[in-house]
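got a predicted structure plus its sequence, pasted below:
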Amino acid sequence: MIIFDTNVIIEYLKGNKQIIEIINECKSKNDMGITFITEYELLKYITKNKEIIYDFLNNVTIIQLDNDSIIFSAEIFNELKNEGKMINENDILIAGMSLKSNNVLITMDSDFKNIDNKNIKII
């Protein structure tokens, strides 16, 4: 499954053609998701395009935090801390939740380059 970071979804909602193409391709394969953190981040700032956002959320798999995700996220945290490459805690959770099941995480946030995982794609 392809998991999209919040910044990618925001660009999709803004009409970024490259992102729309990527998301539409995944949508046609019914192979996309977001984490509950991205869902929260989208909903807490909802001011316009409410129908578009709710429609999007109703057509995507939302990954929840579970024990395996917590363990994987903690491992990422400790690795980043030991290397002096710490990133935002929400990003660590998004990475842990996305990558624990060998999903691909697509983001536009270059901080994710600090996590050594081939399934993180920065666009």
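Yep, it's here. Residues are numbered from 1 along each chain as shown.

now the lowest-mean-pLDDT helix or strand in the chain: buried residues?
Taking mean pLDDT, DSSP states H and E as the measure, helix 50-58 is the helix or strand of the chain with the lowest mean score, a mean of 88. Across helix 50-58, burial judged by 16 or more other C-beta atoms under 10 Å covers Ile53, Phe56. The way it works is simple: take the backbone N, C-alpha and C, and place the C-beta from them, glycine included.

the residue sitting furthest away from the middle of the chain in helix, strand or coil?
Distance from the centre of the chain peaks at Asn82, with 23.8 Å (C-alpha atoms, centre = their mean). Assigned state for Asn82: helix (three-state reduction, DSSP: H, G, I helix; E, B strand; the rest coil).

return the distance of it relative to Asn67.
23 Å (C-beta to C-beta, to the nearest Å).

coming back round to it: any idea which helix or strand comes after the least confident helix or strand of the chain?
strand 61-63 (DSSP states H and E).

give me the contact list for that following strand.
Strand 61-63 is touched from outside by Met1, Ile3, Met32, Gly33, Ile34, Thr35, Phe36, Glu39, Ser69, Met97, Ser98, with contacts defined as C-beta atoms under 8 Å, 6 or more residues apart in numbering.

perfect, that will be all.
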